[in-house]
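S.K.: Let's see this in three dimensions:
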Amino acid sequence: MIVIKGAIFLAGIIVGLALMRYNYQLVHFFGHADLAERYLGNGGSYNMWRLLGLLVIVGVVWYVF
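M.R.: From the prediction side, this is the model:
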């Protein structure tokens, strides 16, 4: 059980950091999100991917511990 949670923790951290690191490429692949642009201001799509990456990291830490 500890090995599975360790693997989930490692994978979640990697995915979260990748979402935060490659937000520019993700926006160009998926396009701009109108809702994010409206509520987060200019560059909101980029911030949305950063926030999603942070949410993944917090979620995986919360799940594991």
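
S.K.: buried set for stretch 34-51?
M.R.: 36-37, 40, 44-51 (16 or more other Cβ atoms under 10 Å). In this view, the C-beta of every residue, glycine as well, is placed from N, C-alpha and C.

S.K.: Turn these into JSON lines, columns for distance to Tyr24.
M.R.: Shown next, in JSON lines, are these (distance: Cβ to Cβ, whole Å):
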{"residue": "Ala36", "distance to Tyr24": "14"}
{"residue": "Glu37", "distance to Tyr24": "15"}
{"residue": "Leu40", "distance to Tyr24": "15"}
{"residue": "Gly44", "distance to Tyr24": "14"}
{"residue": "Ser45", "distance to Tyr24": "10"}
{"residue": "Tyr46", "distance to Tyr24": "7"}
{"residue": "Asn47", "distance to Tyr24": "12"}
{"residue": "Met48", "distance to Tyr24": "12"}
{"residue": "Trp49", "distance to Tyr24": "9"}
{"residue": "Arg50", "distance to Tyr24": "11"}
{"residue": "Leu51", "distance to Tyr24": "15"}
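
S.K.: Inside helices: which ones of those?
M.R.: 36-37, 40, 44-51 (DSSP state H).

S.K.: quick one, helices of this protein?
M.R.: 2-21, 23-30, 34-40, 44-64.

S.K.: ranking the ones you listed by burial, who's on top?
M.R.: Mean neighbour count (mean count of other Cβ atoms under 10 Å) peaks for helix 44-64 among those, with a mean of 16.

S.K.: next one: the lowest-mean-pLDDT helix or strand in the chain to chain centre, how far?
M.R.: Of all helical and strand segments in the chain, the minimum by mean pLDDT, DSSP states H and E falls on helix 34-40, at a mean of 94. The chain centroid and the centroid of helix 34-40 are separated by 17 Å under Cα atoms, centre = their mean, to the nearest Å.
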